[in-house]
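>>> Turn this into a model:
(2 chains)
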Amino acid sequence: MLTVQFLLLSAILFSIGVYGVLARKNAVMVLMSIELILNAVNLNLIAFAYRLQSIDGNTFALYVIAIAAAEVGVGLAMVLLIFRNRRSIALDELSEMKG
Amino acid sequence: MLAAEASYSVSQSAGWFLENAWLIPILPAVAFALVIFFGKKLPMKGSELGVASMIGSLVLAVGAAYQWIQRVDDAAGHSGSSLMKAGGESTPFVGPVIREWTWWQSGGVEFGIGQHIDGLALTLLVVVAFISTLVQIYSLEYLRGDRRYTHFFAALTLFSAGMLSMVLAPNMVQLILGWEIMGLCSFMLIGHWWEDQANARAALKAFFTVRVGDVGLLVGTGVLFFSANAWTQQNLGVSGFNISGLSAWAMSGDASQSALTWGAVALFIACIGKSGQFPLHTWLPDAMAGPTPVSSLLHSSTMVVAGVFLVARVYPVFWEGMSIPDTNINFIALIGGITIVIAALLAFVQHDIKKVLAYSTVSQLGYMMLGLGAGAWLAAVFHIFTHAFFKACLFLAAGSVSHSGSHHSFDMKKDMGGLAKKMPITATTWIISTLALAGVFPLAGFFSKDEIIDNVGHNGYQAFMIVGLCGAFLTAAYMARATYLTFFGEARGSAAGEHHDEHATDHADDHDSNDAQGHDDHGHDAHGHDDHASHGPHESPKLITVPLLILASLALVAGFANATPFGSSWERFKKYVEPSPAFVAAESTMASGPGEAIRVVGWPTAAEGGEGEAKAGCSYESPAPGEVCYFPAVSHAKFKWSKGLLSLAIVAAGLVSSWLFSIQYYTRRNRRLVGLTERSRVLRGGYLFLWNKYYLDVLYEKYVVRAVAYPIARAANWFNQNVIDGVVNASGRISRRVAGWVYRNIDQRVVDGAVNTSGAAARGTGEALRPIQSGKVNQYGALLFAAAAIGALVLVIINT
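Residues are numbered from 1 along each chain as shown, chains lettered A, B, ... in the order given. The predicted structure is shown next:
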C-alpha cells in the first residue's frame, strides 16, 4: 500500500522533528526541526489527497508551505535578535518566561 | 288602545351643538387645570379664565337647547295630524342624543363616558351654565383681594364642570363621577376660609353627611346594574349602567320588583344626603360658612339639585320601584313632605339671613322631591328651573347686603334693618325674588310650586297636597320676616353705620380687607374719609347689581315658560322637556348615534284631562316584545283658577300675617308679643326645639357619631396597641433572633467558609502548578507534544 508507506515516512519525519524540537538547544536547529514537522504534515496531506483523489489536500499543503516560509522568516529574525542581545542562541539559557 | 299600530319613524338630524354637547363640561374642566397651574400669573389671577369658560359653556348649552327645540318641533311636524289621537295630541318620542365612548374596561364590563342629551339634561345644562356665569362675575367683586382668589375660581369652575358632566351623563358611572367631583368641590368651597375653625368644621360636616348618603348611590347603582345588565345587554345592547337602558328595563315589566324597590331606595338615600332632605339636611345650613357666591351656586342650580336631578333622570326606576302611580304615600313623597314643613319652621328662628335662605332651599327641595314622589315629574323639573333663578338671586342679594350694607355680617337682628333706602337695587331684586319664592301670581314660583301642589293632589296624594299648602303659607311667612328684618324697620348695628369693637380686629382679617379696595370704587373718597368707620351702608357696585338684576328679571318671567293657567300653547316646558311615553322599537333606539331614526311603534292615549282620565300608555301596560318605553305616562292636572286662587290666598295670608307680626314684634310696640317665648313654657319649648334644630345635630354628634366613632376609635386603639404593635414587636424580636442565628451560622460558617476555602484552594493549586512554569521552551514543547499525543490516543481509542 503506497499510502501506508507515505504515512510511515511522514510519521518517521514527524518523530525526528519532535525529537529535534525537544532535545536540541540550538534555536536554529529547533527551527529546522519544526520545518521537518511541517513537512511531515504536508506529506500526510498529500498522501491522503492522492488516496482520495481530491485536490483539497494539495491546496492545503501549498498553504502550509507558504506559512512555513513565513514562520521560518519570523523565527530566524527572533533568533538573530536573541543572538544580538545575548551573544548566544542556546535555548536552555533563556529562562525569562519562568513564572 | 294602541289605535295606530302603524309604526312610524321619526328621523331627526341632530345639529352640531347637540352632537358636541360633551364639550360643555370639558371647557370648565380645562379652565380649572389652567387656572390652578397658571392662574396666579395671569393679570386677573385666573378669574378671567373661569368666567370665559363658563360663558363658553353657556353658549354651547344655549346652542344645543335651540337645536333640541328644533328637533322636537321637527318630530312633532313629522308626526302629522293623521296620527293624532282623538282624545288629544300625542307627541312622538324624541330620542336623546347619546354618544358614548369607552372610558375603561374591567372584568369584561365597559364603563362609558359621553353624553345623553334630552330636554331634562338641557334644562339643567343651560341653568347651571347661566347661574355659574353670573355667580363668577359676581365673585369678581365679592372676593376681590381675597387671599385664595385664584383657588376660589379654580374650585368654582371645577364645581360647575362636575355638575355639568353629571347632568349629561349617559350612564350611572359618569353620574357618580360628576356627583363626587361636586362633593369634593363643595368641601373646598365651604371651607374656603378654613383658618376659622367653624368653617373647616362646616366643610367637613357637609362632606361627611353627603358621604353617608353617597353609600346609597354606590349600592343602588350596583343593585340596578346587576339586576338590569342581562336584560339591557340582550334587548338594547348596552350595559346595566346606561341610563336609557335602566329606564327601559324598569318600564319593561321584566324587572324584578324587589330589585327595583331596593335600587330606588338606595338611590334615594343618596338624594337625601345630596339634596339636603330630612333627616340629612343638617349639613346644608352649616354650608353657609362658605363665601356667599358659593352658597348661591350650591343652593340654586348645582350640588343640592343633583339629588333631585338623579331622581328625575332615572325616573322610571323610582316610578316602578316606589309604585308611584298606584299608591298615595311612598318614601320619596313622605321625605319630601316632611322636609318641606320642618325646614320651613326652622327658617323662623334663624338670625342669620343666609341660614333663612338655606332652610328655604331645603324646604323647596322638599317640594321638588314631593313632586317627583307623587308623579308630578314635569312640575318638579320646572321648579328646579324657576327656583334656580330666584334662589340664586336671593343669595346674591344677601351677599350684596353683607358686602356693602352690614360690614360682612349676616346677622339680621344685629346688623341689618332699614336697608331698602340705602340699597334700592338690592332691595328691589330681593323683594321680587321673595315674592317669586312665595309664589305670588305672575312670578316664577307661582307657576312651578302651584303646579306641584296641584298635581300632587291630582295624582291621589291628597294628604301631601295639604302639606304643600302649609309649606306655601310658611314660605311666605318666613320670607316676609326676613325681608322685614333686613330691609325695613329701623337700622341696627352696622346697617346704622356703627361698628362693633370686634370689627377692628376683624378688619385685619384677610377676607374682610377686601372691602378696603371695594370702597374706592364707589366714590366714597369724596368724604375724604381715612377712618373706615365713617362709612355706612351703600349700594353695591355694578359687578354685583347687574347679576342681581338679570336674575330678578328672570324670576319675574321664568314662570311663563310653562304657564299652565294660560292653556296648552303656553306649556313649552312640557312640550320640549317631558319625554313622550310612546312605545319605541327596541332595535332602533340604543344603536342609534346622533341623528339616527327613532321608530315609534305605538302611541299612548292622551294622559291629559279631567278626573276620569284613562290611565294608559307606558307604565300602565307593558310594552310588547321588541318595544321599549323610556318614560312613564305621567298625568297632568288641569289647572283650575279655584285651586290657584286658594293657594294664592294662602300665600297672601302668610305674607300679611307675618309682616304684621314682624312689625308688632320687632319694633317692640306690642308688649304682649315681646318676650312671649320667655313667658309661655309651651312656646318657649317650641322655640328651643326649633332653635336647636330638632336636636338633630345633637343626635348626630352626641349619639350617632359618638356611638359609631367612639367604639370604633377605642377598638382601633386597642387593635393598634395589641394587634398591630404586637405584630410589629413580635416580628422585631423574631427578626433579631433570626438575624443572630444567621450571623453565626450562615454568615460566619457558610459564606466566610466558602470564601476562605476558595482562597486556599487557589493558593494550593498555584503552589502545585508553579514548578511547571520553568521558563524552559523545551519543557513547554515537551508538555505540548505530550498533551497532543494523549489527545491523539484518546481520539484513537474513542473512534475504534
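>>> Could you give the number of residues near B:Ser658?
For B:Ser658, the neighbour count with other CB atoms under 10 Å in any protein chain shown is 23. Every residue, glycine included, has its C-beta placed from N, CA and C.
>>> For A:Gly41, give its distance to chain B.
Heads up, residue A:41 is Val, not Gly. Using CB to the nearest CB, to the nearest Å, A:Val41 is found at 12 Å from chain B.
>>> Check which helix or strand that residue maps to.
Applying DSSP states H and E as the criterion places A:Val41 in helix A:27-52.
>>> for that helix, packing partners?
Here helix A:27-52 touches helix A:2-23, helix A:56-86, going by 3 or more CB pairs under 8 Å, 6 or more residues apart in numbering or on different chains; DSSP states H and E.
>>> what angle do that helix and helix A:56-86 make?
Calculated by axes from the mean of the first three to the mean of the last three CA atoms, to 10 degrees, helix A:27-52 forms an angle of 180 degrees with helix A:56-86.
>>> Report the inter-axis angle for helix A:27-52 versus helix A:2-23.
Using the same axes, to 10 degrees: helix A:27-52 against helix A:2-23 is 160 degrees.
>>> buried stuff in helix A:27-52?
When burial is assessed from 16 or more other CB atoms under 10 Å in any protein chain shown, helix A:27-52 yields the following buried residues: A:27, A:30-49.
>>> Check stretch B:229-245 too.
B:229, B:231-232, B:235-236, B:238-245.
>>> Return the subset of these lying in strands.
Judged by DSSP state E, the subset of those located in strands is empty.
>>> and the residues you listed as a markdown table, adding distance to B:Val381 and pLDDT?
Below are the buried residues of stretch B:229-245 laid out as a markdown table (distance: CB to CB, whole Å; pLDDT from 0 to 100):
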| residue | distance to B:Val381 | pLDDT |
| --- | --- | --- |
| B:Asn229 | 28 | 83 |
| B:Trp231 | 27 | 83 |
| B:Thr232 | 25 | 81 |
| B:Asn235 | 27 | 78 |
| B:Leu236 | 25 | 78 |
| B:Val238 | 24 | 79 |
| B:Ser239 | 26 | 80 |
| B:Gly240 | 25 | 80 |
| B:Phe241 | 23 | 85 |
| B:Asn242 | 21 | 83 |
| B:Ile243 | 15 | 84 |
| B:Ser244 | 18 | 82 |
| B:Gly245 | 21 | 83 |
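>>> okay, the residues you listed in TSV with distance to chain A next?
Below are the buried residues of stretch B:229-245 laid out as TSV (distance: CB to the nearest CB, whole Å):
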residue	distance to chain A
B:Asn229	79
B:Trp231	84
B:Thr232	81
B:Asn235	83
B:Leu236	81
B:Val238	79
B:Ser239	77
B:Gly240	81
B:Phe241	80
B:Asn242	81
B:Ile243	86
B:Ser244	85
B:Gly245	83
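>>> and of those, the nearest to B:Ala343?
Closest approach between the buried residues of stretch B:229-245 and B:Ala343, by CB to CB: B:Ile243, at 29.5 Å.
>>> my guess is that closest one meets B:Ala169, correct?
Yes. B:Ile243 is within contact range of B:Ala169, at 7.0 Å (criterion: CB atoms under 8 Å).
>>> what touches both of the two?
Residues touching both B:Ile243 and B:Ala169 by CB atoms under 8 Å, 6 or more residues apart in numbering or on different chains: B:116, B:175, B:313.
>>> ok, the second one - how many residues close by?
Okay, so that is B:Leu175. 25.
>>> For chain B, what lies in contact range of chain A?
B:770, B:773-778, B:780-782, B:785 (CB under 8 Å from any CB of the partner chain).
>>> at 10 Å what do you get?
Residues of chain B lying near chain A by CB under 10 Å from any CB of the partner chain: B:766, B:769-782, B:784-786, B:788-789.
>>> before we move on, back to that, format the shared contacts of B:Ile243 and B:Ala169 as a markdown table; extra columns: secondary structure.
Converted to a markdown table, the shared contacts of B:Ile243 and B:Ala169 look like this (DSSP: H, G, I helix; E, B strand; the rest coil):
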| residue | secondary structure |
| --- | --- |
| B:His116 | strand |
| B:Leu175 | helix |
| B:Arg313 | helix |
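>>> possible to save these as a markdown table with pLDDT and distance to B:Gly216?
A markdown table is the format used below for the shared contacts of B:Ile243 and B:Ala169 (pLDDT from 0 to 100; distance: CB to CB, whole Å):
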| residue | pLDDT | distance to B:Gly216 |
| --- | --- | --- |
| B:His116 | 85 | 22 |
| B:Leu175 | 89 | 13 |
| B:Arg313 | 87 | 15 |
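>>> any idea where the strands of chain B begin and end?
Remark: strands assigned in chain B by DSSP E are B:8-11, B:97-106, B:109-117, B:583-585, B:597-602, B:627-628.
>>> For those, give me TSV that also has mean neighbour count and distance to B:Thr302.
Below are these laid out as TSV (neighbours: other CB atoms under 10 Å in any protein chain shown; distance: least, CB to CB, whole Å):
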stretch	mean neighbour count	distance to B:Thr302
strand B:8-11	17	33
strand B:97-106	16	23
strand B:109-117	21	18
strand B:583-585	24	32
strand B:597-602	22	31
strand B:627-628	25	32
